[in-house]
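**Student:** any chance you could fold what I've pasted below:
(chains A and B)
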Amino acid sequence: MWGKAKGSKKRGLRIYFATDLHGSEVCFRKFLAAARVYEADVIILGGDFAGKAIVPVLTENGSLRAQVGGEEVTVPESEWERLAADLGKAGLYPVRMEAAELAALAGDQAQLDRLFHGQINAQMQRWCDLAAERLDPSVRCIITPGNDDPVDADPVIAAHPRVECPELELCDLGPVTMASLGVVPTTPWNTERECSEDELGKQIDEMLAQVPSGQPCILNLHCPPYASGLDDAPELDETLKPVIRGGRPSIIPVGSHAVREAIKRYQPVVGLHGHIHESRGAQKIGRTLCVNPGSDYSSGVLRGAVIDLAQDGSCLDFLLTTG
Amino acid sequence: MTSSSEASVPAGAAKTGGAQSTRLFVRQTSGLVRELGIPAATGISLASVAVVNTFINFNAGLTDFTKSDMYLPLIAGAIIWLVAMFAYRYLLRAVPRAGGEYVYLSRIVSPAAGSVAGLGIAVVFTYVLSTNAHFAAQFTPFMLTGLGLAFHSTAVANAGNHLTSNIAIAWLSVAVMLIVAALSLFKVKIVARIIFWLIVLQVLAFVVLIGMLAFNSHADFTSALATYSNHPGAFQDIIAAAKSNGVIFGTSIASAVAIIPFMVLNYNGVLYSYYVGGELRRPGRTYLYASAISIGVLVVLWVGVWALLRARVGLTFMQAQANLSVVNPTAYGKITSLNSVAGGLGYGMILSGDPITKILFATAVPLAEIAVNLAFLTVTTRVLFAQAFDRLLPVGVAKISDRNHAPNIAITIVLIIGIGFCFLTSLVNLGSIVALQSLFFALILLAGGISATVLPLRRADLIQTPGMPEDARRRWLRQVTLVGGATTVLALFTVYELAAHSSVYGKFSWESILTLVIVLGAGPVIYLIARQVRRQRNSLDLTMAMRELPPE
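**Tutor:** Just a heads-up that it's a prediction; the model follows:
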């Protein structure tokens, strides 16, 4: 009555995959909790962990002033921790400073870049410590970068004993080998990790060439494959405004041709992708299950995917989650 | 590209206009997501209510209860929804997603409880789609009469007489459903915009009616009624005929209390933007503003128009007209052909001296029903989507179209079933089967109240604010429980009143009780089957999709 059981394959590995948290503290905490809630063996954060904005919090006469939710607010200094926590939930970096420091910062791009990098690296250190504190020792935690993440954040993660950062490397997950790459083809925003399609294809090929013959693998590539339904995004003009056609934004595929070619050629078991927040879904390219869990980090919602792999490395089941 | 606006304002924070303005420093990065803002959410809330349908509820209240008045029911109904608004805000904050009570119950209480609400809402709302379409079809003669008067066309005015048979009403209902289907194929943001403008037209009809009642005297109304009815003294004759048919006039508190469920149902839908919680920009804030604006607009419009109707038309006449047309339609028909169910719209029609306002009043109800159905279709398909997303229904139902970013398969399913209901509603007497529909809506409100009440007990982690001191956290959780508890008590009061006046709100018979049991029981049965099937075929358990991640 209930249908035929799906073979006699036993689960060898359960992966929880999320991506594009963009500094959201609440989403990262949920990401760590996902290991327990979904009974995952390995949790993977697939890039774009860095936040996007710094909120200067001005210290004035025993009170703090900042822009919160589009409005300027003033709170007593004793409220600092709560203010910082509220801003951090949405992926913002609150930084206390005097009026003179704020004025100096506004005209100094190099100093602002240093401040951003400092905040991002400090957050990654905090997150890795939190992972060490909260995760069961049996759960592996993998964090790989995406195109929005500064390159100098990688060593911070890699140096931490509890977290792995196998960027541009192969990583043995037991039944499968995972290849990870956060670089994406050129974007209109000139972000931290971009290259041409040819260069991207070359990097993927070099990595996959090291996979032992016959060993099943999964690809953790931040950029989704081109025209896969996992890469639909609004078309932008040269001023980065959405192009309107027929009264509505024009939606176009913005994924990578090189990623698509690699998936078609190597046919990994699973492709784990992100980058395009609004293009959540799962598609098959040949035998490969490609997943983009999407992202809704600004609402404190963690979108993810649970993927079960059999002991022989084949894909048993998957589930897109929202939590 | 920044997300700065998502951060919440801490308690005690004050807006300032300091000497040096703070600002955000933003990195250039990629991103985007939620689409619906406050105007769109307000449109969905107001459209789900059908602003002009209040006249039908006024009429029902006047007909079903002697000595009726609407002030207390209108205010009490608004208060009940206002309390519920805060309860749903906490739920939306905890689970900011599409799916309404299905998602809240499944995440906070249990997956099986969620499935009761999920499939029940999908079935009942789909039936409501058909009844709305049926209602719009029934109003077509009134619309054609109005348009005939506006364009001085007897042919148009009389055309309505040919559209009163059951089969004609059935086909007109299907036509309304197909119009709704065609409009719903647009992206949700455009659908919300269409709904919004249909609401604007309804509100405009109300404002014009208010103006018309304000600038015309009681004598103007009696004179206009006499002219329209071609019956001098029509006003007094209707009152006299009602008296001789035993209609009782005046007001009583007991009647006003008994009518409260009518007005609770009248406002039903005013909070429905939480059903599209997954598509709201800054969900908590957007939902709260949209709901508060909607409740405020409805209270002002409905209480205002009721006050003016009492002043210009008179409560005695309205009670006489509503009851006489039911107890002795022949006597009523001999005095006037004015549609008594249309209430204020009918009064506006006869007071109106220009074609534009006649067109506005004539088309108000059909346009309102199209708006309601667009909103209900959006809501229903999102509930189906949420269940399919959780694998409770086939996963294909959750597939989002690349073209319009809408769940087209879910929309198609709802429309096909809805059209089936259209024929059944028109051609078969479903009265006893769907008699407990009102009770179902009250039970849904009760489900929301219970979810909010137990939220701090079962999933406090979902509403905790980082950095909150322990005593403040306890106060906050207590506040959530109190608001949820208050909503539960008010919903229970509504359920009690509905049950106590079952002769009006829906009789308990074996057919109606069995229907309710099937509607409520189908969800858990499907849940158990789907779970068993997944256990056999897949490695991931169904309950996994319904787990909410704790942030701490």
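**Student:** for the chain, what's the longest helix?
**Tutor:** You didn't pick a chain, so chain A it is. helix A:109-134 (DSSP state H).
**Student:** I was after chain B.
**Tutor:** Chain B, longest helix under DSSP H: helix B:355-389.
**Student:** mean confidence (pLDDT) on it, please.
**Tutor:** The average pLDDT within helix B:355-389 is 82.
**Student:** and that helix, which residues are buried?
**Tutor:** B:357-389 (16 or more other C-beta atoms under 10 Å in any protein chain shown). Yep, even glycine has a C-beta here, placed from its N, CA and C like the rest.
**Student:** also near chain A: which of these, exactly?
**Tutor:** Among the buried residues of helix B:355-389, the ones lying near chain A by C-beta under 8 Å from any C-beta of the partner chain are residue B:389.
**Student:** briefly note if stretch A:58-77 comes near chain B.
**Tutor:** Yes. Stretch A:58-77 reaches chain B (C-beta under 8 Å from any C-beta) through A:58, A:60, A:65-76.
**Student:** how about CSV for these, with pLDDT and neighbour count added?
**Tutor:** Formatted as CSV, the residues of stretch A:58-77 next to chain B follow (pLDDT from 0 to 100; neighbours: other C-beta atoms under 10 Å in any protein chain shown):
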residue, pLDDT, neighbour count
A:58, 89, 23
A:60, 83, 15
A:65, 87, 23
A:66, 85, 27
A:67, 79, 22
A:68, 73, 27
A:69, 64, 17
A:70, 65, 10
A:71, 71, 13
A:72, 78, 18
A:73, 80, 22
A:74, 84, 18
A:75, 84, 21
A:76, 87, 13
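**Student:** would you mind giving the residues you listed as TSV with distance to residue B:142 and secondary structure added?
**Tutor:** Formatted as TSV, the residues of stretch A:58-77 next to chain B follow (distance: C-beta to C-beta, whole Å; DSSP: H, G, I helix; E, B strand; the rest coil):
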residue	distance to residue B:142	secondary structure
A:58	63	strand
A:60	65	strand
A:65	60	strand
A:66	57	strand
A:67	54	strand
A:68	52	strand
A:69	47	coil
A:70	47	coil
A:71	49	strand
A:72	54	strand
A:73	53	strand
A:74	58	strand
A:75	58	strand
A:76	62	strand
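**Student:** and the furthest pair within the residues you listed?
**Tutor:** Farthest pair in the residues of stretch A:58-77 next to chain B (C-beta to C-beta) is A:70 and A:76. Separation: 21.6 Å.
**Student:** quick one: contacts for the residue of chain A found nearest chain B?
**Tutor:** Closest to chain B within chain A is residue A:323: 3.1 Å, counting by C-beta to the nearest C-beta. Listed by C-beta atoms under 8 Å, 6 or more residues apart in numbering or on different chains, the contact partners of residue A:323 are A:30, A:34, A:37, A:301, A:302, A:304, B:547, B:548, B:549.
**Student:** and the second one, what's its pLDDT?
**Tutor:** What the model reports as pLDDT for residue A:34 is 94.
**Student:** so it sits against residue A:302, correct?
**Tutor:** Yes. The pair residue A:34 and residue A:302 passes the contact test of C-beta atoms under 8 Å, sitting 7.2 Å apart.
**Student:** report the buried residues of the helix or strand hosting residue B:503.
**Tutor:** Using DSSP states H and E, residue B:503 sits in helix B:502-505. The neighbour-count check on helix B:502-505 (16+ other C-beta under 10 Å) flags B:502, B:504, B:505 as buried.
**Student:** distance of the last one relative to residue B:440?
**Tutor:** According to C-beta to C-beta, to the nearest Å, residue B:505 and residue B:440 sit 11 Å apart.
**Student:** can you name the secondary structure element that comes next after the helix or strand hosting residue B:294?
**Tutor:** Counting by DSSP H and E, the element that carries residue B:294 is helix B:283-312. Following helix B:283-312 in sequence order, the next helix or strand is helix B:315-327 (DSSP H and E).
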